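# generate a structure from the sequence data that follows.
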Amino acid sequence: MQQKELATNVVAKMYDNDWFSQWLGIERLTIETGSCVLKMTIRKEMLNGFGIAHGGITYSLADSALAFASNSYGKMAVSVETSISHTKQLKEGDEITATAQEMSLSNKIAVYNVTIKNQNNEVVALFKGTVYRTGKEWFSAAL
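Coordinates of the predicted model:
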């Protein structure tokens with residue numbers, strides 16, 4: 001299986017069983033080995049008491065981008081440390097795009113940066129995630 005095909009198949013399998021990402025309405029725009037681009041729209045039920053998007057919404061989008069990018073090699077990876085900085089508020093109807101990029105990759109640990117931008121290409125959040133890469137494969141060599 002080619003790397004691009006493997007990455008696409010892994011993310012499809014993950015997404016199909018990821019009810020939360022589905023509830024968020026995440027669209028997969030680009031899936032590559034070690035990176036991905038995801039998009040979603042802020043809905044009314046995602047707003048907090050200030051009428052702005054709850055911080056957990058952008059965090060969750062970034063976390064999904066981290067998961068998809070870090071698992072795209074076909075080796076199961078889980079987050080061990082994450083952080084986010086919110087730089088601009090979001091309102092109902094805003095469309096946000098998360099771009100995950102690999103910064104460092106070793107046999108056991110990988111680090112990713114995720115930049116989230118709104119429909120005006122303004123940075124609304126910056127996320128950093130570290131993952132542990134297990135020895136488990138998403139698909140056996142026989143597939």
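
# helix/strand/coil for Leu66?
Assigned with DSSP: H, G, I helix; E, B strand; the rest coil, Leu66 falls in the helix class.

# same question, Gln101
For Gln101, the assignment made with three-state DSSP gives strand.

# identify the residues contacting it.
Under the criterion of Cβ atoms under 8 Å, 6 or more residues apart in numbering, the neighbours of Gln101 are Gly34, Ser35, Ala69, Tyr112, Asn113, Val114, Thr115. Using the backbone N, CA and C atoms, a C-beta is placed for each residue, glycine as well.

# go on, Ser21?
So, once contact is read as Cβ under 8 Å, 6+ apart, Ser21 ends up touching Tyr15, Ser60, Ser64.

# what subset of those residues is buried?
When burial is judged by neighbour count using 16 or more other Cβ atoms under 10 Å, the buried members of the contacts of Ser21 are Tyr15, Ser60, Ser64.

# export these to CSV and append columns for pLDDT and distance to Ile96.
Compiled in CSV, these are given as follows (pLDDT from 0 to 100; distance: Cβ to Cβ, whole Å):
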residue, pLDDT, distance to Ile96
Tyr15, 97, 18
Ser60, 98, 11
Ser64, 98, 12
